[in-house]
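Student: Attaching a predicted model along with its sequence, questions to come.
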Amino acid sequence: MNESASAGLQLGQIWAQGDAIAHAVALLLLLMSLASWSVILIKGWTLLRLRRLSTRSAQFWHCTRLEDGLTVLGPDGPDNPFRHLTERSTEAVAHHARHRDELHGVLDLNDWLSSSMRQTMDESTRRMQTGLSILASVGSTAPFVGLFGTVWGITHALTGIGLSGQASLDQVAGPVGESLVMTAGGLAVAIPAVLAYNALTRGNREIVARLRHFAHDLHAYLITGGKLRKRPVPPLDAPRQEAA
């Protein structure tokens, strides 16, 4: 009998020896693992996609027309934060120009555009963070769920010893093995969730930072018609121009 078949037989024996509470703890750990891995796969693919889209933001500024830049940024939709920010920002500028008689018409275009861009960036940030709370919850609670299964298994073993009046290996091995499996199960569920949460959070911060830099240049383009350019600072020994 190979090792995989032997391990499967041992797990089957442990499952058969467990009671309803042990089965409930094992199923809960399985559901938590499935939920965390689903989030890991979905958010991991989304992060890779956002990184590919973020590389196009630098190519945007090499276009000669805004329409060409939108095409370079990629497909339309809220899942593309760079193009979504560009479209919402241009719509905000057009809206401000067409509705100057409304209450927001008293606002300066700079303030109105900054507010609109900030709202759009907040929406994109919330969308990127969706699902990460599941990983945080699983990573923080799965060890305690496994610990509960461990305590319950030890209690089950001690109860069996007390009822039989003797501590034979056959009576102790099953519940103790069940306890160790519960401990290992809780750690096996929690560790990937914690590592994935940290990696996805760090990746999202990088995307948000790139989006913020892109928004700064886009704001300058929509307000002034081009990127901000720093005014050259004259040297200290430069001759002063005297007024006529």
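Tutor: Structure received.
Student: When you work out contacts or count neighbours from here on, use the C-alpha atoms and nothing else.
Tutor: Fine.
Student: how far is the lengthiest helix in the chain from where the chain is centred?
Tutor: For the chain, the helix that runs over the most residues, judged by DSSP state H, is helix 169-224. On the basis of C-alpha atoms, centre = their mean, to the nearest Å, helix 169-224 sits 7 Å off its chain's mean C-alpha point.
Student: I'd like the average pLDDT over it.
Tutor: Per-region confidence: helix 169-224 scores 86 on mean pLDDT.
Student: In terms of secondary structure, what does whichever helix or strand Gly149 is part of contact?
Tutor: In the assignment (DSSP states H and E), Gly149 maps to helix 132-164. Judged by 3 or more C-alpha pairs under 8 Å, 6 or more residues apart in numbering; DSSP states H and E, helix 132-164 is in contact with helix 20-60, helix 169-224.
Student: angle of that helix against helix 20-60?
Tutor: Relative orientation of helix 132-164 versus helix 20-60 (axes from the mean of the first three to the mean of the last three C-alpha atoms, to 10 degrees): 160 degrees.
Student: buried residues in helix 132-164?
Tutor: 132, 134-136, 138-139, 141-143, 145-154, 156-158, 160 (16 or more other C-alpha atoms under 10 Å).
Student: Ok, stretch 27-37 next?
Tutor: Under the neighbour-count criterion of 16+ other C-alpha under 10 Å, stretch 27-37 has Leu29, Met32, Ser33, Ala35, Ser36, Trp37 buried.
Student: what do you get for stretch 78-96?
Tutor: 80-86, 88-90, 92-93, 96.
Student: Among those, which lie within helices?
Tutor: Using DSSP H, the members of the buried residues of stretch 78-96 that fall within helices are Pro81, Phe82, Arg83, His84, Leu85, Thr86, Arg88, Ser89, Thr90, Ala92, Val93, His96.
Student: Now distance to Gly186 and pLDDT too, for those, in a markdown table please.
Tutor: Output for those, formatted as a markdown table (distance: C-alpha to C-alpha, whole Å; pLDDT from 0 to 100):
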| residue | distance to Gly186 | pLDDT |
| --- | --- | --- |
| Pro81 | 36 | 92 |
| Phe82 | 39 | 92 |
| Arg83 | 42 | 91 |
| His84 | 41 | 92 |
| Leu85 | 41 | 92 |
| Thr86 | 45 | 91 |
| Arg88 | 45 | 91 |
| Ser89 | 47 | 90 |
| Thr90 | 50 | 90 |
| Ala92 | 50 | 87 |
| Val93 | 53 | 87 |
| His96 | 55 | 79 |
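Student: mind exporting stretch 203-214 as PDB, just the C-alpha atoms?
Tutor: This file holds the C-alpha atoms of stretch 203-214, laid out as PDB (Å, rounded to 0.1, in the frame of the first residue of the first chain):
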ATOM      1  CA  GLY A 203       0.100  44.700  -4.500                       C
ATOM      2  CA  ASN A 204      -3.000  46.800  -4.200                       C
ATOM      3  CA  ARG A 205      -1.000  49.600  -2.600                       C
ATOM      4  CA  GLU A 206       1.400  49.600  -5.600                       C
ATOM      5  CA  ILE A 207      -1.600  49.900  -8.000                       C
ATOM      6  CA  VAL A 208      -3.100  52.700  -5.900                       C
ATOM      7  CA  ALA A 209       0.200  54.600  -5.900                       C
ATOM      8  CA  ARG A 210       0.500  54.300  -9.700                       C
ATOM      9  CA  LEU A 211      -3.200  55.400 -10.000                       C
ATOM     10  CA  ARG A 212      -2.400  58.400  -7.800                       C
ATOM     11  CA  HIS A 213       0.500  59.500  -9.900                       C
ATOM     12  CA  PHE A 214      -1.500  59.000 -13.100                       C
END
